[in-house]
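> sequence first, then the predicted structure:
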Amino acid sequence: MLAKPLKADSSSIVVSEVLRQHSELVAFLWAQRDTLLNEDPPDVKVAEEIRGRVEVNLDGLRLAGADAWPFVVEQYRNFPEKGELFAYSWLAIEQRDQRRISEALELGRAAEDDARGLIGALAWHDPRAIAPSVRDWIVAPDSFRRFVGVSACIAHDVDPRQMLVRLIQDPDAKVRGQAARLAGKVKRSDLARDLQAALDDDHQTVRFHAGWALAELGAGTLATEALRNVVEGAGPDAQMALRTLVRSGDDAALRGWMGGLMKSHLTAPIAVRGIGMLGDRSALSWLIERMREPIVSAAAGAAFVELFPEARNEKGLFSTDPADAGPEFTEYFEARLVNLPIADKVVAWARNTGILGD
């Protein structure tokens, strides 16, 4: 249970307001940064600028010590989202408060986003500060704690050595997936056979991370086949699987295979998105034509921004109102929230900047 927030007396109104602002800004700015890093494509430059602002406000909480807790607790009660969980978890770890850390774990367990705020706080801290907890979590009977522990290892490129063998074979699919991902990240080539076995896992996410890890280990054909299967399944990991293939595959063969993906409504958006990953700026005219097709328009817009990041903040090139792209877009997207490129505006921008001829 969360402790009740304390009431500030009249003599501490100013201090209380400063602490409240620090707490709110930590939550807001970290959540904003996390969202930017998870956009397609991510806005890394702005996210890095925000990082400094997060750190300034964390210093405010750090200096306040235990006095910051009433504000952190209150804001989580009022708005239990990822940024607020980050602030709660970060302060608990900063103060090495085991009771609060346990509370943060339970709050993370209840979250619907795989505890992004909790894992973000673990990633933000120095690995030495979280090492004792992580060592306990990766061997815990509780699968959620094992998941959090492996996720912390991923964030800091820490190899749990022999324990990683057991984690790849964990009873919990989320733990297995993260363990496979960690094996690739820390280049555990001795686990190649375990990763190959994971390609037949019942869970698609485990298969994806195993294929990704094998690609990181240079497994060639085996990894390519597994990752292509993930892309063709058009599941939540399809785009990341395609990016891995682009990074490690034969360009000509990849383009031919992507052409086949265009023949299915299910995989066509993934193929269009892949054009941006290939880095071929000469494909702009083709992408603009795809922007006029509702089914692949959002993917074409994301590919465009990846190829031309200078256009990201140009006004008028994108709209969250499908009607701006045409009546067929309104019918196709209905009430869905989407940020669509406006093809005619993109053409005008490209001509004004000399990227496209008249």
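Nice, I can see it.
> which strands and helices sit next to whichever strand or helix holds Trp90?
Trp90 is located in helix 82-94, with elements delineated by DSSP states H and E. The elements that helix 82-94 packs onto, with contact taken as 3 or more C-beta pairs under 8 Å, 6 or more residues apart in numbering; DSSP states H and E, are helix 13-37, helix 44-64, helix 69-78, helix 98-110, helix 116-124, helix 127-137. The C-beta positions use only the backbone N, C-alpha and C, and glycine is treated the same way.
> tell me what angle the third one forms with helix 82-94.
Going back to what we said before, that points to helix 69-78. 150 degrees (axes from the mean of the first three to the mean of the last three C-alpha atoms, to 10 degrees).
> distance between helix 69-78 and the chain's centre?
25 Å (C-alpha atoms, centre = their mean, to the nearest Å).
> and among the helices and strands packed on helix 82-94, the most buried is which?
helix 116-124 (a mean of 24; mean count of other C-beta atoms under 10 Å).
> so which elements touch that one?
The elements that helix 116-124 packs onto, with contact taken as 3+ C-beta pairs under 8 Å, 6+ apart, are helix 13-37, helix 82-94, helix 98-110, helix 143-156.
> adding distance to Ser264, write these out as CSV.
Shown next, in CSV, are the helices and strands packed on helix 116-124 (distance: least, C-beta to C-beta, whole Å):
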stretch, distance to Ser264
helix 13-37, 30
helix 82-94, 34
helix 98-110, 37
helix 143-156, 33
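> let's have these in CSV, adding mean pLDDT.
Converted to CSV, the helices and strands packed on helix 116-124 look like this (pLDDT from 0 to 100):
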stretch, mean pLDDT
helix 13-37, 92
helix 82-94, 98
helix 98-110, 97
helix 143-156, 98
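> buried residues in stretch 151-163?
Judged by neighbour count using 16 or more other C-beta atoms under 10 Å, the buried positions of stretch 151-163 are 151-155, 158, 160, 163.
> so which of the helices and strands packed on helix 82-94 comes closest to Glu314?
Of all the helices and strands packed on helix 82-94, it is helix 44-64 that lies closest to Glu314, at 14.7 Å by C-beta to C-beta.
> quick one: the closest one to helix 13-37, angle?
Relative orientation of helix 44-64 and helix 13-37, computed by the same axes, to 10 degrees: 150 degrees.
> what mean pLDDT does helix 44-64 have?
Confidence for helix 44-64, expressed as mean pLDDT, is 96.
> contacts for that helix, please.
18-19, 21-23, 25-26, 29-30, 32-33, 36-37, 68, 72, 87, 90-91, 94, 124 (C-beta atoms under 8 Å, 6 or more residues apart in numbering).
> 7 Å instead, please
19, 22-23, 25-26, 29-30, 32-33, 36-37, 68, 90-91, 94 (C-beta atoms under 7 Å, 6 or more residues apart in numbering).
> export only the CA atoms of it, formatted as PDB.
Below are the C-alpha coordinates for helix 44-64, written out as PDB (Å, rounded to 0.1, in the frame of the first residue of the first chain):
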ATOM      1  CA  VAL A  44      16.800  10.900 -30.800                       C
ATOM      2  CA  LYS A  45      18.100  14.500 -30.900                       C
ATOM      3  CA  VAL A  46      15.200  16.000 -29.000                       C
ATOM      4  CA  ALA A  47      15.100  13.100 -26.600                       C
ATOM      5  CA  GLU A  48      18.800  13.700 -25.700                       C
ATOM      6  CA  GLU A  49      18.000  17.400 -25.100                       C
ATOM      7  CA  ILE A  50      15.200  16.400 -22.700                       C
ATOM      8  CA  ARG A  51      17.600  14.000 -20.800                       C
ATOM      9  CA  GLY A  52      19.400  17.000 -19.300                       C
ATOM     10  CA  ARG A  53      16.200  18.600 -18.100                       C
ATOM     11  CA  VAL A  54      15.200  15.300 -16.500                       C
ATOM     12  CA  GLU A  55      18.500  15.100 -14.700                       C
ATOM     13  CA  VAL A  56      18.200  18.700 -13.400                       C
ATOM     14  CA  ASN A  57      14.800  17.900 -11.800                       C
ATOM     15  CA  LEU A  58      16.100  14.500 -10.400                       C
ATOM     16  CA  ASP A  59      18.800  16.600  -8.600                       C
ATOM     17  CA  GLY A  60      15.900  18.500  -6.900                       C
ATOM     18  CA  LEU A  61      14.400  15.200  -5.700                       C
ATOM     19  CA  ARG A  62      17.900  13.900  -4.700                       C
ATOM     20  CA  LEU A  63      18.500  17.000  -2.600                       C
ATOM     21  CA  ALA A  64      15.100  16.800  -0.900                       C
END
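> I'm done for today, thanks for sticking with me.
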